[in-house]
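J.: just the structure for this:
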Amino acid sequence: MDTFTNCMMRAARLDTSLYEEVEADPAAMRPAMQVVVLSSVAAGVGSITEGGLVGIIAITVGTLIGWYIWAGLTYLIGTRLLAEPQTHVDMGQLLRTTGFSSSPGVIRLLGIVPGLANIVMPIAAVWMLVTMIVAVRQALDYSSTWRAVVVCLIGWVVQVLVLVGLLLALAPNAIPPA
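T.: Numbers count the residues shown, from 1 in each chain. Next comes the predicted model:
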């Protein structure tokens, strides 16, 4: 496999061969997890103007938990509800591919520059969604990108609902009343 940075760049550029490589390489689990951690820390640090040190920790941890929930849901939805006949994947393969799909999230670090957070965060979110769709399509061996889009969107919606539920349970005053 290429260098760590090159793999991240390839993932961000939607290089389908990179996703196939990490899917097939169990040794890629550690670097995939490192990408997720880097991306999550970048989200936390990039949000420092919003929440300070507590915000960095909360956003970093929340982003890590959110990714894992989303990956797990994607696995269940993609292999149980919307599998194609050629879909054969284990959780490790999906974690590796979706881990690398977090590569564009590193740009969230630019949120520390005053005025850039409102620009960088949405760009990173959309870019990461697109890389996630490519990673899922490759890992689940889908013939249709649209199937991967549906799997990712269903997983994302459920993940958001779970995270909001956790936030309400753990910190009921964190979400302002409507």
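
J.: tell me the predicted confidence for residue 177.
T.: If you check residue 177, the pLDDT there is 57.

J.: if you rank every helix and strand of the chain by mean pLDDT, what lands last?
T.: The helix or strand of the chain with the poorest confidence is helix 48-76; it has a mean of 82 (mean pLDDT, DSSP states H and E).

J.: other SSEs contacting that helix?
T.: helix 29-46, helix 91-100, helix 117-139, helix 145-170 (3 or more C-beta pairs under 8 Å, 6 or more residues apart in numbering; DSSP states H and E). Bear in mind the C-beta positions are built from the backbone N, C-alpha and C, glycine included.

J.: and residue 107, which of those helices is closest to it?
T.: Among the helices and strands packed on helix 48-76, the nearest to residue 107 by C-beta to C-beta is helix 117-139 (5.2 Å).

J.: and the gap between residue 169 and residue 143?
T.: 40 Å (C-beta to C-beta, to the nearest Å).

J.: out of these two, which sits in the more crowded spot?
T.: residue 143 (11 against 8; other C-beta atoms under 10 Å).
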